[in-house]
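# Based on what follows, work out the 3D shape:
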Amino acid sequence: MFESILLTIATAATPLLIAAIGELVVERSGVLNLGVEGMMLMGAVTGFGAALATGNPWLGVLAAVIVGALFSLLFGFLALTLATNQVATGLALTLLGIGLSGMIGTAFVGQPGVKLTAIHIPGLTDLPMGRFLFGQDPLFYISIVLVAVVSWFLFRTRAGLTLRSIGDSHTAAHALGIKVIPIRYAAVAFGGACAGLAGAQMSLVYTSQWIENMTAGRGWIALALVVFASWRPWRVLLGAYLFGAITIAQLHVQALAVSDIPVGSGPMWLVSESGRWLLELLKSVPAQFLSSLPYLATVVVLVLISRNRRMTLINTPASLGKPFVPDR
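Residues are numbered from 1 along each chain as shown. Sure thing, here's the model as predicted:
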C-alpha cells in the first residue's frame with residue numbers, strides 16, 4: 001500500500017520536476033519564460049501523436065523534446081532577438097500552445113495511446129520498495145539525472161558560472177566579451193526541451209492518452225517551484241515531490257469522501273468515532289475545493305516566500321526578465 005502511494009506520487013511529481021528544472025536553467029540565464037504550460041501541451045500532443053503513428057513511445061519522447069525546443073526558440077526569437085516584453089511573450093506562447101495543441105489533438109481524443117512501460121529488473125524490482133527504486137518508468141530516472149547534471153553544471157563548471165553571471169548582470173558579462181544572446185538561446189532551448197519532455201511524460205506515462213489541456217496548470221506550478229526552490233536544483237526536487245504528494249493526497253481524499261464504507265469495516269482510524277466524524281466532514285466538502293488544493297498550496301507557498309524579502313533578493317537572478325540589446 002505505502003509503496004503504491006509512493007509510486008503514484010513519483011509519477012505525479014516527475015512532469016513538475018522536469019519542467020521546473022528546465023525553467024530553472026532558463027531563469028538562471030536571466031530570461032523569464034512564462035510559456036511552460038504551452039510548451040508542455042505541445043510536447044504532450046506531439047509525443048502522443050508520434051508514438052501512436054510509429055508504435056514506438058521513445059520516438060514520441062524524441063518528438064516531444066524537439067517540438068518543445070522549437071517552440072521555445074519562437075519565444076527566444078521574439079524575446080531575445082526582437083527584445084519584446086518577456087512576460088507578455090511568454091503568456092502569448094502559453095495561449096498559442098493551448099490553442100494549437102487542442103487543434104492538433106482533436107483526432108487523438110479517445111484513442112488508446114502507446115504507454116512507455118516501466119523498467120523491470122529481476123531480483124531487484126521484487127524486493128521491498130523495489131518497485132519504487134528499480135521499477136519506475138524511464139522518465140523518472142531521467143528526471144533525477146537531470147537534477148544532478150544541472151546542479152553540477154551550474155555550480156561546478158565554468159560554463160555554469162558563465163550562465164549565472166549573465167543572469168546576474170548581462171551588461172557586465174557582455175563587457176567581458178561573453179556572448180549573452182547565444183548562451184541565452186541555448187538556455188531557452190534547453191528549457192523548452194525539458195517542458196516538451198514533461199508533456200510527453202503526461203501523455204505517455206501519467207495517463208497514456210491525449211486529453212485537451214491535460215496539463216491542467218502544471219506548467220504554472222513548475223514556474224512557482226523555481227521560486228519555491230530559490231533557484232536551487234535539489235530544492236526543486238523536494239518541491240516537486242511535495243506538490244506531487246499534495247496532488248495524490250487530494251485524489252485519495254476525494255475517493256474516501258465518496259466511498260460508502262460499512263460500519264465496523266476499514267482501517268482502525270476510520271472505524272473509530274473520530275474517523276467516522278472525519279469521513280462525514282469530508283463528504284460535506286465540495287470536490288472542486290479538494291481538486292484546487294495543489295493550486296492553493298502553490299499560492300500559499302509563494303505568499304510565504306514573498307514575505308522574506310532578503311532571501312528573495314539574494315537568490316533571484318538580478319537580470320531576470322530584463323531585455324538585453326547588445327551595443328552595435
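# does Pro317 sit in a helix, a strand or a coil?
coil (DSSP: H, G, I helix; E, B strand; the rest coil).
# What are the phi and psi values at it?
phi -60, psi 130 (degrees, to the nearest 10).
# and it, how many neighbours does it have?
22 (other Cβ atoms under 10 Å). C-beta coordinates here come from the backbone N, C-alpha and C atoms, glycine included.
# any idea which element the closest residue to Ala229 other than its chain neighbours lies in?
The spatially closest residue to Ala229, leaving aside those adjacent along the chain, is Arg235, at 3.4 Å (Cβ to Cβ, 6 or more residues apart in numbering). Using DSSP states H and E, the element containing Arg235 is helix 233-258.
# Packing partners of that helix?
helix 2-28, helix 138-156, helix 218-228, helix 273-283, helix 287-291, helix 293-307 (3 or more Cβ pairs under 8 Å, 6 or more residues apart in numbering; DSSP states H and E).
# what's the average pLDDT for the third one?
Looking back up the chat, that one is helix 218-228. Mean pLDDT, helix 218-228: 91.
# what's the distance between it and the middle of its chain?
7 Å (Cα atoms, centre = their mean, to the nearest Å).
# so Leu7 makes contact with Arg131?
Yes: contact criterion Cβ atoms under 8 Å: Leu7 and Arg131 qualify, at 6.2 Å.
# where does this structure dip in pLDDT?
1-2, 252-285, 287-288, 290, 308-313, 327-328 (pLDDT under 70).
# Repeat the analysis, applying 90 as the threshold.
Residues of the chain meeting the criterion pLDDT under 90: 1-10, 107, 109-136, 206-209, 216-217, 227-230, 239, 242-316, 318, 321-328.
# Tell me the helices and strands packed up against the host helix or strand of Phe48.
Per DSSP H and E: Phe48 is located in helix 36-54. Applying 3+ Cβ pairs under 8 Å, 6+ apart, we find helix 36-54 packed against helix 2-28, helix 57-76, helix 86-104, helix 180-201, helix 218-228.
# Buried ones in it, by neighbour count?
36-52 (16 or more other Cβ atoms under 10 Å).
# again with stretch 294-301
Buried-residue list, stretch 294-301, by 16+ other Cβ under 10 Å: Pro294, Tyr295, Ala297, Thr298, Val301.
# Would you mind writing the CA trace of that stretch as CSV?
Written as CSV, here are the backbone C-alpha positions of stretch 294-301 (Å, rounded to 0.1, in the frame of the first residue of the first chain):
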residue,chain,number,x,y,z
PRO,A,294,-2.4,21.7,-5.2
TYR,A,295,-3.0,25.2,-6.6
LEU,A,296,-4.0,26.7,-3.3
ALA,A,297,-0.8,25.2,-1.8
THR,A,298,1.2,26.9,-4.6
VAL,A,299,-0.4,30.3,-3.8
VAL,A,300,0.3,29.8,-0.1
VAL,A,301,3.9,28.9,-0.7
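# List the contacts of it.
Taking contacts as Cβ atoms under 8 Å, 6 or more residues apart in numbering, the residues outside stretch 294-301 that touch it are Gly217, Trp220, Ile221, Ala224, Phe228, Phe243, Ile246, Thr247, Gln250.
# rerun at 7 Å
Gly217, Ile221, Ala224, Phe228, Phe243, Ile246, Thr247, Gln250 (Cβ atoms under 7 Å, 6 or more residues apart in numbering).
# Next, the contact list for the nearest residue to Thr94 once chain neighbours are set aside, please.
Once flanking residues are discounted, Thr94 sits nearest to Gly38: 3.9 Å by Cβ to Cβ, 6+ apart. Listed by Cβ under 7 Å, 6+ apart, the contact partners of Gly38 are Leu93, Thr94, Leu95, Leu96, Gly97, Ile98.
# wait, doesn't the second one sit right on Gly35?
So that's Thr94. Yes: counting by Cβ atoms under 7 Å, Gly35 is a contact partner of Thr94 at 5.0 Å.
# Please identify which of the two sits among more neighbours.
Neighbour comparison, Thr94 and Gly35: the larger count goes to Gly35, with 30 against 21 (by other Cβ under 10 Å).
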